[in-house]
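Asks: What follows is a predicted protein model with its sequence.
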Amino acid sequence: MKGDFVDARKHQSGYDEGHACRFPASPCDGKIKLPRPIFDAFKTQIADVLLRVFHKRRFIILDLMMPPSPNRDIARTWKYHNATKHSEWSIRASPHYLDWQNHPFPFKIYTTIDPNPLPKDADQTGIVALSAIGASSVPGDAEKVPALGDLARILYFSAGITKKKTYAGGEIYFRAASCTGALYEFELYLVCNDLPDWKAGVYHFSPGDFALRLLRAGDFRGVLVHATASESSIARAPAIIVCAGTYWRNSWKYRTRTYRHFGWDNGTILANMLAMASALRLPAKVVLGFVDSEVNALLDLDTSREVAFSMVSLGRINGESPATPRELSKLNFPTIPLSKSEIDYPGLREIHEASSLETREEVAEWRSAASRWERAAARATRVRQGDASRGGGRVRDSGPTDPIEQVILRRGSTRKFERQPITLDQLLTILTTSTQPIWPGFSLLNNLYLIINAVDGLAPGAYYYHVATADLELLKSGNFRNEARYLGLQQDLPGDAAADVFFLAPLDPILDVFGNRGYRVTQLEAGMLGGKIYLAAYALRLGATGLTFFDDDVTQFFSPHAAGKSATFLVAIGKGRKPPQ
């Protein structure tokens, strides 16, 4: 299929390039141009050296160093982010249409590998959903090795097929976690040592027949230990799940904005996965610092189409780390084409390459940035208790006691909301349950802003949620249903919902600390938080749905408090309207 790409720039008559020009870049986007005579004087004498020229007063300072990683060229993130913003004008001007005759196939099918069926009859854990969703981690250093039934449950309730609906045009197979457009662009891969009833290897998870297919036989966990610069949770994990995103399966509808969706859609999968790991009492940790090329090579991914995005360690074993990585052969297993043809959006590969880490040393340095982020976050924290509304300070466990498996099976994306109130306790239960720490060692990158339309015990208005104290700070009072509807791409859902949760992130300090990889983390975190809100709402027998938005208008609405922040995700919560029978 190497020749099946159609360049999106030609396909869209320059839409993406024009779209990017409509949004002014951040002041930090500008690149310093080198004075030509100085550069010419050094270029024949300096090999593999970056010459940076700074003008300060009347002095020129020359800083010689090795070429920087693409991850530190944050202008590339700003270029992508600004180019993929939605505005009322951009939506109306878009020439895009959906070619249903070229709709991507929703599964990755290896045509020459036999399936290894997974057990479908595992018992439910019985763990209350709100407890599983809100758990931060499984304590203790004791060994915990997942059984085959545990892995089957984690895979099924994270990315398995839970519902099927038949339409005039065919069938849609809905999966356990929410996904933009029900396009399900993420593939899961299992890397494990010898487990009870299962051989060591690298496997691909196929939700279509609920089976694992062996890609490499043997213990290859050492490759991931090397790629993560000996991340301790990976080094001690008997099983690791790698999540990889397929560009075309989502860009068929959402084009270059797909990379944002990678974060959202992978995030909802991880929200389910962490909840199930907690219910099974398995240690689990999301790991985002790794050498991308090494992980992609292990899975033998065609990186023009599919790339590793995140990984999760599962379980714990003591003793020596896995063996050092061996040389990896190319596999070249054939797969079924997703479509008759694919439209190529180069901006997707560009932002992924920009946010990739290239060496173990860079991974280790990137991981150490967490402490710098904590110091920056502490300086920026302004908890104004006098302006806080009623509420918070504790994790709530009120409400239904349905087990996590039942809630995941019940979850959907609400299509219509009744204009009826929910209670303040329900709202705070959802917020406190969903915002428990998900990154060991440092705080959330996203901030939560809300439009309250109908919550008993809380005045309608715009609010800021203080995660540390679980308090709601009133920013401005009033009925903002019309504004909510407009901000949510002029859809009725956020206007009818009882509450709308907007995620906004201070990208300037995030990129300064974490580089372009911070953008990947920010979008993924927004998806994880949104996925937890989904589950918590359905645990309380409410409805929820994820939505997109007019980027700059969201920031402006919540300003001056949100000044300088960027919108990343939106989840509407309320009482769902049952469809007519």
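Replies: Perfect, I can see it now. Numbering: from 1, shown residues only.
Asks: Around I127, count how many other residues there are.
Replies: Using other C-beta atoms under 10 Å, I127 has 20 neighbouring residues. C-beta here means a position set from N, CA and C on the backbone, and glycine is covered the same way.
Asks: I'd guessed it sits against S278; true?
Replies: Yes: using C-beta atoms under 8 Å, I127 is in contact with S278, at 7.3 Å.
Asks: count of neighbours near Y167?
Replies: The burial count for Y167: 7, using other C-beta under 10 Å.
Asks: again with the one 10 residues further on
Replies: In terms of burial, A177 registers 27 neighbours under the definition other C-beta under 10 Å.
Asks: One more: the one 3 residues further on?
Replies: Using other C-beta under 10 Å, T180 is surrounded by 23 other residues.
Asks: and what of W89?
Replies: Neighbourhood size, W89 [other C-beta under 10 Å]: 11.
Asks: per-residue confidence for it?
Replies: Per-residue pLDDT puts W89 at 89.
Asks: gap between it and A142?
Replies: 58 Å (C-beta to C-beta, to the nearest Å).
Asks: Check S310 too.
Replies: Using C-beta to C-beta, one obtains 26 Å as the distance from S310 to A142.
Asks: Compare these two and say which one has the larger neighbour count.
Replies: Neighbour totals were compared for S310 and A142, and S310 leads with 25 against 9 (other C-beta under 10 Å).
Asks: Mind listing the residues bridging to the spatially closest residue to the more buried one that is not a sequence neighbour?
Replies: Leaving aside its sequence neighbours, S310 sits nearest to C243 (C-beta to C-beta, 6 or more residues apart in numbering; 4.8 Å). On the basis of DSSP bridges, C243 is bridged to L188, S310.
Asks: Tell me how many other residues surround C243.
Replies: When counting by other C-beta under 10 Å, one arrives at 24 neighbours for C243.
Asks: That one: what's it in contact with?
Replies: By C-beta atoms under 8 Å, 6 or more residues apart in numbering, C243 lies in contact with F186, E187, L188, Y189, N266, I269, L270, A308, F309, S310, M311, V312.
Asks: nearest to I438, of the residues you listed?
Replies: Minimum distance to I438 across the contacts of C243 is 8.6 Å, recorded for L270 (C-beta to C-beta).
Asks: per-residue pLDDT, the closest one?
Replies: L270 carries a pLDDT score of 98 in this model.
Asks: which residues touch it?
Replies: S158, C243, V286, S310, V312, L524, G527, M528, G531.
Asks: What of L524?
Replies: Neighbouring residues of L524 by C-beta under 8 Å, 6+ apart: F262, G263, N266, G267, L270, L288, F309, S310.
Asks: Nearest spatial neighbour of it, chain-adjacent residues omitted?
Replies: Excluding the flanking residues, the one nearest L524 by C-beta to C-beta, 6+ apart is G263, at 4.3 Å.
Asks: tell me, how many neighbours does the closest residue to R236 other than its chain neighbours end up with?
Replies: Distance criterion C-beta to C-beta, 6+ apart; nearest residue to R236, sequence neighbours excluded, is R316 at 5.2 Å. Look at R316: counted by other C-beta under 10 Å, it has 21 neighbours.
Asks: do the same with the one 3 residues further on
Replies: By the other C-beta under 10 Å criterion, the neighbourhood of G319 contains 6 residues.
Asks: Relative to P421, how far out is it?
Replies: With the distance defined as C-beta to C-beta, G319 ends up 55 Å from P421.
Asks: got the CA coordinates for the helix or strand hosting I91 in CSV?
Replies: For I91, the host element (DSSP states H and E) is helix 88-93. Coordinates of each C-alpha in helix 88-93 appear next as CSV, following Å, rounded to 0.1, in the frame of the first residue of the first chain:
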residue,chain,number,x,y,z
GLU,A,88,-17.0,29.5,13.7
TRP,A,89,-15.4,30.7,10.5
SER,A,90,-13.1,27.7,10.1
ILE,A,91,-16.1,25.3,10.5
ARG,A,92,-18.2,27.1,7.9
ALA,A,93,-15.3,27.4,5.5
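Asks: and the closest residue to G126 other than its chain neighbours, what does it touch?
Replies: Spatial nearest neighbour of G126, excluding adjacent residues (C-beta to C-beta, 6+ apart): P403 at 5.3 Å. Taking C-beta under 8 Å, 6+ apart, we find P403 in contact with Q124, T125, G126, I127, V128, A129, A279.
Asks: where's stretch 207-222 relative to the chain centroid, distance-wise?
Replies: Relative to its parent chain, stretch 207-222 has a centroid offset of 23 Å by C-alpha atoms, centre = their mean, to the nearest Å.
Asks: for it, which positions count as buried?
Replies: For stretch 207-222, the neighbour count (16 or more other C-beta atoms under 10 Å) marks P207, F210, A211, L212, R213, L214, L215, R216, D219, F220, R221, G222 as buried.
Asks: ok so, going back, neighbour-wise, give me the winner out of the contacts of P403.
Replies: Those, ranked by neighbours (other C-beta under 10 Å): first place A129, 27 neighbours.
Asks: That one contacts L409, doesn't it?
Replies: No: A129 sits out of contact with L409 when judged by C-beta under 8 Å, with a separation of 10.8 Å.
Asks: so what secondary structure elements neighbour the strand ranked longest in the chain?
Replies: In the chain, with assignment by DSSP state E, the single longest strand is strand 566-576. In terms of contacts (3 or more C-beta pairs under 8 Å, 6 or more residues apart in numbering; DSSP states H and E), strand 566-576 is packed against helix 258-279, strand 417-418, strand 422-423, helix 492-496, strand 499-505, helix 517-539, strand 543-547, helix 551-558.
Asks: Just the CA atoms of that strand, as PDB, please.
Replies: Presented in PDB, the C-alpha positions along strand 566-576 are these (Å, rounded to 0.1, in the frame of the first residue of the first chain):
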ATOM      1  CA  SER A 566      -5.600  26.600  25.800                       C
ATOM      2  CA  ALA A 567      -8.800  24.500  25.600                       C
ATOM      3  CA  THR A 568      -8.100  20.700  25.400                       C
ATOM      4  CA  PHE A 569     -11.400  18.800  25.900                       C
ATOM      5  CA  LEU A 570     -15.100  19.200  26.900                       C
ATOM      6  CA  VAL A 571     -17.400  16.800  28.700                       C
ATOM      7  CA  ALA A 572     -21.100  17.500  29.200                       C
ATOM      8  CA  ILE A 573     -22.900  15.800  32.100                       C
ATOM      9  CA  GLY A 574     -26.600  15.500  32.900                       C
ATOM     10  CA  LYS A 575     -29.700  13.300  32.800                       C
ATOM     11  CA  GLY A 576     -29.800  11.500  29.500                       C
END
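Asks: Pull up the pairing partners for that strand, direction included.
Replies: Strand 566-576 is paired, per DSSP bridges, with strand 417-418 (antiparallel), strand 499-505 (antiparallel), strand 543-547 (antiparallel).
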